[in-house]
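> The following block contains a protein sequence and its predicted model.
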Amino acid sequence: MDGTTIDSPETSASDAEKLAHFEARAAGDDEKLAYFEARIARGEKIEPGDWMPSEYRRQLIRMISQHAHSEIVGQLPEGAWITRAPSLRRKMILLAKVQDEAGHGEYLYHAAETLGATREEMLEALLSGKAKYSNIFNYPTLTWADVGVIGYLVDFAAILNQTMLAHCSYGPYARAMVRICMEENFHKKQGQDIVITLARGTLRQKAMVQDAINRWWWPTLMMFGPPDNDSPNSAVLIRWGIKTRTNDELRQDFIDKIVPELHALGLTIPDPKLHYDQASSSWKTGPIQWDEFRQVIRGRVPCNQERMQVRTRAHEDGAWVREAMQAYAERYSTGVVSTSNEEH
Ligand code: FAQ
């Protein structure tokens, strides 16, 4: 890891913590803050109507909306393979997976709405390029093996991160994560099944899956976020029980679990420095190219433009559905459409 700073429009970790303290004190909220922190320490969930520091709310909206955008944009790389799946069975499974990701986006937008964010603001931020979404979805899916590797590696990485978030202090986010993680477990299995099939297949199939591992390995490690010493949001997120494990801890957990599995399939990892460290009983990787990560999350890659074009077109194409639903809601509220009409 090169240890350089990941640019962020937000303040640094210590600044964010100071800001949180300052705000609470300035508003004479010392007691409320102490009570809020005591509730978190007791393992209680914070619910939408409860008092919370504005920095807690801001951090959650930032994180949950980015997460929602990731699920929505995350449909695109695999969605591109639905029509090209190698069998009807694979096609049906992939279709269901991609549909699940849309559902995850919905739960998460709802969770962010409980904090006062509006759907319009969040979608505007995504489509205008202001909002971030996971780095991983700015890479192209070149072969069918990519679908397997996304399911196996990317969903597995997401599961580790989201299992942690299922214990987070904010009730609606934690509860959304429980269901999402259950579905992600199926996603991982479908990916793993594709990877195992290809790894045991013909020489061309083996080469194809190895090539996919080579391209997705490093971006997957970057998914966990910048190194702990360069993660401006971690301190305040950990203090308030939103994150309970750090970026580096989760990344290391992923590496330790996935490396032996890939080796067992006869696949190699594109890292000449990867080695098992007896002292720490863990796999150590070579340096991660954080410059690439910075470029990717700033959207300075062709795939980002393509993803945003596709999302914008889908949003525009869906305008008539939103208008129809709005018109229906208005007629319903004025009694023109009654419940009995709806039933017949
Ligand atoms: N990509 O201070 P930190 C999935 C940004 S879901 C882009 O360490 P934090 C399911 C970060 O926002 C995948 N940007 O940030 C699926 C911040 O910028 P900001 C998404 C990233 O929040 C599978 C700056 O860098 N999962 O895959 C990334 O403490 C297959 C500094 O970073 C979630 O969103 C990144 N990877 O930790 C779907 C989970 N990492 O906002 C379809 C919820 C960092 O200050 C197919 N989120 N940045 O301007 C989290 O757990 C955390 O937000 C982290 C980052 C761990 C992602």
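The structure has been received and is ready for your questions.
> per-residue confidence at residue 238?
Residue 238 is assigned a pLDDT of 97 by the prediction.
> What of residue 335?
78.
> That one - how many residues pack around it?
By the measure other C-beta atoms under 10 Å, the count of residues near residue 335 is 7. C-betas here are computed from N, CA, C, even on glycine.
> Over to residue 130?
9.
> Retrieve the pLDDT associated with it.
For residue 130, pLDDT reads 93.
> Just list the residues touching it, thanks.
Residues near residue 130 by C-beta atoms under 8 Å, 6 or more residues apart in numbering: residue 124.
> tell me which parts of this structure are close to the ligand?
Applying C-beta under 6 Å from any ligand atom, we find that the chain lies next to the ligand at 6, 8-10, 62-63, 66-67, 70-71, 74, 101, 132, 134-135, 150, 154-155, 158, 161, 222-226, 231-234, 237, 247, 297.
> Just the buried subset of those, please.
62-63, 66-67, 70-71, 74, 101, 132, 134-135, 150, 154-155, 158, 161, 222-226, 231-234, 237, 247, 297 (16 or more other C-beta atoms under 10 Å).
> so of the residues you listed, which ones are in helices?
62-63, 66-67, 70-71, 101, 155, 158, 161, 222, 234, 237, 247, 297 (DSSP state H).
> what about the closest residue to the ligand within the stretch 1-150 of the chain, distance to residue 149?
Closest approach between the stretch 1-150 of the chain and the ligand, counting by C-beta to the nearest ligand atom: residue 74, at 2.7 Å. Going from residue 74 to residue 149 by C-beta to C-beta, to the nearest Å gives 14 Å.
> element containing the closest residue to residue 116 other than its chain neighbours, please.
Leaving aside its chain neighbours, residue 116 sits nearest to residue 57 (7.1 Å; criterion: C-beta to C-beta, 6 or more residues apart in numbering). Secondary structure assigned from DSSP states H and E places residue 57 in helix 54-73.
> helices or strands up against that helix?
helix 13-26, helix 88-113, helix 119-127, helix 234-239, helix 302-317 (3 or more C-beta pairs under 8 Å, 6 or more residues apart in numbering; DSSP states H and E).
> Quick one: mean pLDDT over the next helix or strand after the first one.
Downstream of helix 13-26, the next assigned helix or strand under DSSP H and E is helix 30-41. For helix 30-41, mean pLDDT rounds to 95.
> before we move on, what about stretch 265-285?
98.
> likewise stretch 168-182?
97.
> same deal with stretch 313-323?
The model assigns stretch 313-323 a mean pLDDT of 95.
> The residue nearest to residue 116 against residue 114, yeah?
No. The criterion here is C-beta atoms under 8 Å, and residue 57 misses it with residue 114 at 10.2 Å.
> And the helix holding residue 57, what's buried?
55-73.
> how about the CA coordinates for it, as CSV?
The C-alpha trace of helix 54-73 is given here as CSV (Å, rounded to 0.1, in the frame of the first residue of the first chain):
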residue,chain,number,x,y,z
SER,A,54,-26.2,15.5,12.8
GLU,A,55,-22.8,14.1,12.0
TYR,A,56,-24.2,10.5,12.6
ARG,A,57,-27.1,11.3,10.3
ARG,A,58,-24.8,12.7,7.7
GLN,A,59,-22.4,9.8,7.8
LEU,A,60,-25.3,7.3,7.5
ILE,A,61,-26.9,9.1,4.5
ARG,A,62,-23.5,9.3,2.8
MET,A,63,-22.7,5.6,3.3
ILE,A,64,-26.2,4.2,2.8
SER,A,65,-26.9,6.2,-0.4
GLN,A,66,-23.5,5.2,-1.8
HIS,A,67,-24.3,1.6,-1.0
ALA,A,68,-27.7,1.9,-2.7
HIS,A,69,-26.1,3.4,-5.8
SER,A,70,-23.6,0.5,-5.8
GLU,A,71,-26.4,-2.0,-5.8
ILE,A,72,-28.3,-0.2,-8.7
VAL,A,73,-25.2,0.3,-10.8
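> quick one, what contacts residue 93?
Taking C-beta under 8 Å, 6+ apart, we find residue 93 in contact with residue 190.
> Could you check the angle the longest helix anywhere in the chain makes with helix 88-113?
When the chain is parsed with DSSP H, its longest helix is helix 171-199. Angle, helix 171-199 to helix 88-113, by axes from the mean of the first three to the mean of the last three C-alpha atoms, to 10 degrees: 160 degrees.
> Buried residues of helix 171-199, list them for me.
Applying 16+ other C-beta under 10 Å to helix 171-199 flags 171-174, 176-177, 180-181, 183-184, 187-188, 190-192, 194-196, 198-199 as buried.
> Could you do stretch 267-278 as well?
267, 269, 271.
> any chance of these in CSV, plus distance to residue 165 and secondary structure?
As requested, the buried residues of stretch 267-278 are arranged in CSV below (distance: C-beta to C-beta, whole Å; DSSP: H, G, I helix; E, B strand; the rest coil):
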residue, distance to residue 165, secondary structure
267, 29, coil
269, 27, coil
271, 28, coil
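> what pLDDT does the residue nearest to residue 116 get?
At residue 57 the predicted local confidence, pLDDT, stands at 98.
> wait, doesn't residue 163 sit right on residue 182?
No. Using C-beta under 8 Å, residue 163 is not in contact with residue 182, being 10.6 Å away.
> The residue nearest to residue 259 when sequence neighbours are not counted and the ligand: what is the separation?
Excluding the flanking residues, the one nearest residue 259 by C-beta to C-beta, 6+ apart is residue 283, at 4.7 Å. The gap separating residue 283 from the ligand is 20 Å, by C-beta to the nearest ligand atom, to the nearest Å.
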